[in-house]
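Asker: structure for this input, please:
(2 chains)
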Protein chains: 2
Amino acid sequence: MGEVIRLSHGSGGEASRKLVEDVIARYLGNEALDPLDDSAVLAAPGGRLALTTDSYVVNPLFFRGGDIGSLAVHGTVNDLSMVGARPVAITLGLILEEGFALDDLHRILASVRDACAEAGVKVVAGDTKVVERGSADGVFINTSGIGAIPDGVDISASNAAPGDLVILSGAVGDHGIAVLSKREGMDFATSIVSDSAPLNRMVEAMLAVAPSIHAMRDPTRGGLATSLNEIAVASGVGVEVDEAAVPVHAAVGDACDMLGFDVYYVANEGKLVAFVPESHAAAVLEAARADEYGREAAVIGRVVEDNPGLVTLNTKVGGRRILSPLSGELLPRIC
Amino acid sequence: MGEVIRLSHGSGGEASRKLVEDVIARYLGNEALDPLDDSAVLAAPGGRLALTTDSYVVNPLFFRGGDIGSLAVHGTVNDLSMVGARPVAITLGLILEEGFALDDLHRILASVRDACAEAGVKVVAGDTKVVERGSADGVFINTSGIGAIPDGVDISASNAAPGDLVILSGAVGDHGIAVLSKREGMDFATSIVSDSAPLNRMVEAMLAVAPSIHAMRDPTRGGLATSLNEIAVASGVGVEVDEAAVPVHAAVGDACDMLGFDVYYVANEGKLVAFVPESHAAAVLEAARADEYGREAAVIGRVVEDNPGLVTLNTKVGGRRILSPLSGELLPRIC
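Answerer: Residues are numbered from 1 along each chain as shown, chains lettered A, B, ... in the order given. From the prediction side, this is the model:
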């Protein structure tokens, strides 16, 4: 049997130090993290600051297309990107359950390292706590992040305006179904891989052609429908979506049909919606499609003055229905 | 029976929105948090940035002198202060267990609000996750924070130098014994109150008289002994402590004797040690003592060239012993 996490790893003393130096720093060491002072010290980036935080409690910890480590990095990088910020640094807070396999911790930290390398961001501060067996579920991760917002960029859920086109960067539902199928051992869904990915480079390319992007959001928990509703409400506008234009992978659509899920409410971890003035939409779409995570990007709808605060779906068969925000709980522990 | 947390509160949909708007924003709302975008947007502070993160898993959640909410704010404010940074903004990540009493959440959020008000800092971004009953222990909190480091300040655990005096801001062991006595129902210890407190204003006053402070640390998990060892090792110096000079409240000393604890390893949440060139030590001590959280501040020792990396204790009876860093686990779930 391999080594496991012990309560002493959370003591703040020698065992804590060894865990940080021999395990965590081995994967994540860098000049800002290594002093292990109470706070990291960074040169101030130019421009306004973005600050965000997210905790990750995904179950299972490892799934097709990622794990809790890569997910935590992608989620925070993407939250920074959604206000147009270039990620500068992130923090890593681990809550470990006594008895957690050290091998799994190594695997997760390697995944954090690789995800950071791809996104071009570093973990500069961290914290590790250990709770008794039965008081947590293996590992929970918090990542917080800071980013620098370039001058001229002003992106907020409240900035969408009539005339904007709605661009979705790719197919929806992959993450939620990938996690669920692993959790429930659904053999039919083995081809579905989480879309978990860092979107910062795509956003940088989109902003390079159109700093005038009004609103962006990554449709994670609550799915596309919830993100669109948040923007419709915050901006006081109506949003119209064309069902036929929304990319959905066939296997995900089939799984949703089988399970009785509406794909618009299933979580994504590597997608964004952007609300863009029509005059810039073609350029933004092209920039998104040129990125490996935006190849399937599409214009899926538009902002209208009618029905402020509501999202309406023009269905494939020519009908219309309201796409409400998620009520109740679709899939717990999805991120 | 009062309302409790349900899984749908973590869905990202309507129930999540209601929890955030009706409960969390009621206590913590401010102009940076209220837009509820994926990241908060802040004016960049001048100077270098400090960034820190901490998760809180304290058990019990409520103890004499504080609770997990105030503790989380104090801990992050203090970690920023330990590199001389003025706290600018913090984030709040909640992991809630299904079935957690909403009344307790209100109480914790009110405590976060009050602790923020006292420290002069705001929660600008947050995240709430809910896990199934049995997968966590009521509530875990992560707070991350950013601060601005004034020009001319260069504080690090690696900067202590021979000749520095070691200033401790007050009596040690109160937090650890207060939490333990509540947890174990120890009636003899009812007079002991956690020292949990924000140290940023005291640090500001200390830096105003001596920007040359070399090293600071708040001795939380692992206690005073561990913090002193960390600085001794990082700076490659010896540290000598005079046992008779270290303030310990009588009730805490008695409790430690009874329980077989060494008070130097018991956690504090409102104390700091500062390593200060001798020429400035009197001014720094006076500044600390003028603050409500530094009234019992004292010079407890000095930095020497001998025994680099070691902390030695000159005992009350005239002996000497090595004060090693904590090995093993003293008190789990103490912060």
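Asker: who's in contact with the residue nearest the centre of chain A?
Answerer: Centroid-nearest residue in chain A, with CA atoms, centre = their mean: A:G75, separated by 3.2 Å. Contacts here follow CB atoms under 8 Å, 6 or more residues apart in numbering or on different chains; on that basis A:G75 touches A:D54, A:Y56, A:T143, A:T220, A:E269, A:C335. (Glycine included, C-beta is placed from N, CA and C.)
Asker: try 10 Å this time
Answerer: Contacts for A:G75 (CB atoms under 10 Å, 6 or more residues apart in numbering or on different chains) come out as A:52-56, A:58, A:115, A:141, A:143, A:145, A:196, A:198, A:218, A:220, A:269-270, A:335, B:38, B:127.
Asker: do the same with A:Y265
Answerer: By CB under 10 Å, 6+ apart, the contact list for A:Y265 reads A:172-173, A:176, A:219, A:221-226, A:256, A:323-328, A:330-331, B:11-13.
Asker: with A:S16 instead?
Answerer: Counting by CB under 10 Å, 6+ apart, A:S16 makes contact with A:S8, A:H9, A:G10, A:T128, A:K129, A:V130, B:R221, B:G222, B:T226, B:P325, B:L326, B:E329.
Asker: so it versus B:N142, what's the distance?
Answerer: 17 Å (CB to CB, to the nearest Å).
Asker: any idea how far chain B is from the closest residue to A:P211 other than its chain neighbours?
Answerer: Nearest residue to A:P211 in three dimensions, chain neighbours excluded: A:G152, at 4.9 Å (CB to CB, 6 or more residues apart in numbering or on different chains). According to CB to the nearest CB, to the nearest Å, A:G152 and chain B sit 14 Å apart.
Asker: would you map out the domains in chain A?
Answerer: As assigned by automatic domain parsing, chain A contains the domains A:7-149, A:164-322.
Asker: so which elements touch the longest helix along chain A?
Answerer: For chain A, the helix that runs over the most residues, judged by DSSP state H, is helix A:102-119. Counting by 3 or more CB pairs under 10 Å, 6 or more residues apart in numbering or on different chains; DSSP states H and E, the packing neighbours recorded for helix A:102-119 are helix A:25-28, strand A:62-63, strand A:66-67, helix A:68-81, strand A:86-97, strand A:122-131, strand A:139-149, helix A:200-209.
Asker: buried sites along it?
Answerer: Neighbour-count burial for helix A:102-119 flags A:102, A:104-106, A:108-113, A:115-116, A:118-119 (criterion: 16 or more other CB atoms under 10 Å in any protein chain shown).
Asker: okay if I get those residues as a markdown table plus pLDDT?
Answerer: As requested, the buried residues of helix A:102-119 are exported to a markdown table (pLDDT from 0 to 100):
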| residue | pLDDT |
| --- | --- |
| A:L102 | 95 |
| A:D104 | 96 |
| A:L105 | 96 |
| A:H106 | 95 |
| A:I108 | 97 |
| A:L109 | 96 |
| A:A110 | 96 |
| A:S111 | 97 |
| A:V112 | 97 |
| A:R113 | 96 |
| A:A115 | 98 |
| A:C116 | 97 |
| A:E118 | 98 |
| A:A119 | 98 |
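Asker: and which of those is nearest to A:A25?
Answerer: Nearest to A:A25, judged by CB to CB, of the buried residues of helix A:102-119 is A:L109 at 9.6 Å.
Asker: ok, for the closest one, nearest residue in space, not its chain neighbours?
Answerer: Once flanking residues are discounted, A:L109 sits nearest to A:Y27: 4.0 Å by CB to CB, 6+ apart.
Asker: is it true that A:G134 touches B:S135?
Answerer: Yes. Assessed by CB atoms under 10 Å, A:G134 is found in contact with B:S135 at 9.4 Å.
Asker: same drill for these two, tell me which one is more crowded.
Answerer: Counted by other CB atoms under 10 Å in any protein chain shown, A:G134 and B:S135 do not tie: B:S135 has more neighbours, with 21 against 12.
Asker: what about that one, helix or strand, and which?
Answerer: Under DSSP states H and E, no helix or strand contains B:S135.
Asker: so the nearest residue to it once chain neighbours are set aside, which state does it fall into?
Answerer: Using CB to CB, 6+ apart and skipping residues adjacent in sequence, the residue nearest B:S135 is A:D137, 4.2 Å away. Judged by DSSP: H, G, I helix; E, B strand; the rest coil, the three-state class of A:D137 is coil.
Asker: tell me who's in contact with A:D137.
Answerer: Residues near A:D137 by CB under 10 Å, 6+ apart: A:57-59, A:61, A:95, A:97, A:100, A:333, B:95, B:131-132, B:134-136.
Asker: now it: phi and psi?
Answerer: Phi and psi for A:D137, reported as degrees, to the nearest 10, are phi -120, psi 70.
Asker: quick check: it vs A:V241, distance?
Answerer: Look at A:D137 and A:V241: by CB to CB, they are 36 Å apart.
Asker: now do A:C335
Answerer: Distance, A:C335 to A:V241, by CB to CB: 23 Å.
Asker: repeat that for A:A290.
Answerer: For A:A290, the distance to A:V241 (CB to CB) stands at 24 Å.
Asker: who has more neighbours out of the two?
Answerer: Shown here are A:A290 and A:V241; by other CB under 10 Å, A:V241 has more neighbours (23 against 13).
Asker: partner residues bridging the more buried one?
Answerer: Residues in a beta bridge with A:V241, per DSSP bridges, are A:G301, A:L313.
Asker: residues of the stretch 151-300 of chain A that sit close to chain B?
Answerer: Within the stretch 151-300 of chain A, the positions near chain B by CB under 10 Å from any CB of the partner chain are A:153-159, A:215-223, A:225-227, A:229-230, A:233-234, A:265, A:267, A:272.
Asker: nearest to chain B: which residue in the stretch 151-300 of chain A?
Answerer: A:R221 (2.6 Å; CB to the nearest CB).
Asker: specify the local secondary structure of the residue nearest to that residue when sequence neighbours are not counted.
Answerer: Nearest residue to A:R221 in three dimensions, chain neighbours excluded: B:G12, at 2.6 Å (CB to CB, 6+ apart). Following three-state DSSP, B:G12 is assigned to coil.
Asker: wait, what's in contact with B:G12?
Answerer: Applying CB under 10 Å, 6+ apart, the residues near B:G12 are A:219-223, A:226-227, A:230, A:265, A:267, A:325-326, A:329-331, A:334-335, B:128-129.
Asker: can you select the buried ones from those in ChimeraX?
Answerer: Typed into ChimeraX, the line below selects the buried ones among those, using 16+ other CB under 10 Å:
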select /A:219,220,221,222,223,226,227,230,265,267,325,326,329,330,331,334,335 /B:128,129
